[in-house]
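Build me a model:
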Amino acid sequence: MKRSRFTEEQIVKMLREADRTSVAAVSMANGVSEQSIYTWSKQYGGMAIDEVRRPRQLEQENARLKKVLAECVLEIEVLKEIAAKSGERACSSSAGCAGKATGSVGASSVQAAQSRTLSVALSQPDGAEG
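Next comes the predicted model:
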């Protein structure tokens, strides 16, 4: 997709200016065609500058949350592997090891790690990256 040389905020300002004066004067002053002004008017019609910024902020927050989720899932997988390996070592050292007991210990440690990871992710402020 072609990148515009104007930000959304600049476009909205031009549209507000075009509301007060003629489209031809605004297009000539900013070096764009009148058709661009009309196209932007359809796209950004009655939006304020804050309304134009909001989708970009949501995209950034969504990307940050996806990153946090991916890190949590990775940590959970690592903890599951560690729990499985520590359970194998415990069983190999004793002859009478029951599989159910080892599984419950591994599951509880994984659940504890998940809750710690989730509490850390939730306690971070909105702007902080983890």
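
Identify the residues contacting the nearest residue to Glu34 once chain neighbours are set aside.
Using C-beta to C-beta, 6 or more residues apart in numbering and skipping residues adjacent in sequence, the residue nearest Glu34 is Ser27, 4.7 Å away. To be clear about C-beta, it is placed using only N, CA and C from the backbone, and glycine gets the same treatment. The neighbours of Ser27, taking C-beta atoms under 8 Å, 6 or more residues apart in numbering as the test, are 33-34, 36-37.

so which of the residues you listed is the most crowded?
Within these, Ile37 tops the neighbour count with 19 neighbours, counted by other C-beta atoms under 10 Å.

Model confidence score at that one, please.
Looking at Ile37, its pLDDT is 92.

Check which helix or strand it maps to.
Take DSSP states H and E as the rule and Ile37 turns out to sit in helix 34-44.

Can you tell me what sits against that helix?
8, 11-12, 14-15, 18, 23-24, 26-27, 52.

Pull out the buried residues from that helix.
36-37, 40-41, 44 (16 or more other C-beta atoms under 10 Å).

Check stretch 5-12 too.
Quick answer for stretch 5-12 (16+ other C-beta under 10 Å): 8, 11-12.

What about the residues you listed, which are in helices?
Taking DSSP state H as the definition of helices, the buried residues of stretch 5-12 contribute 8, 11-12.

domains for this protein, by residue range?
8-44, 59-123 (automatic domain parsing).

Compare those and say which comes out lowest on pLDDT.
Among the domains of the chain, domain 59-123 scores lowest, with a mean of 73.

coming back round to it: between the buried residues of stretch 5-12, which is closest to Ala83?
Nearest to Ala83 out of those is Glu8 (C-beta to C-beta; 48.7 Å).

gap between Tyr38 and Leu69?
From Tyr38 across to Leu69, the span is 42 Å (C-beta to C-beta, to the nearest Å).

my bad, Glu8
From Glu8 to Leu69 the distance is 28 Å (C-beta to C-beta).
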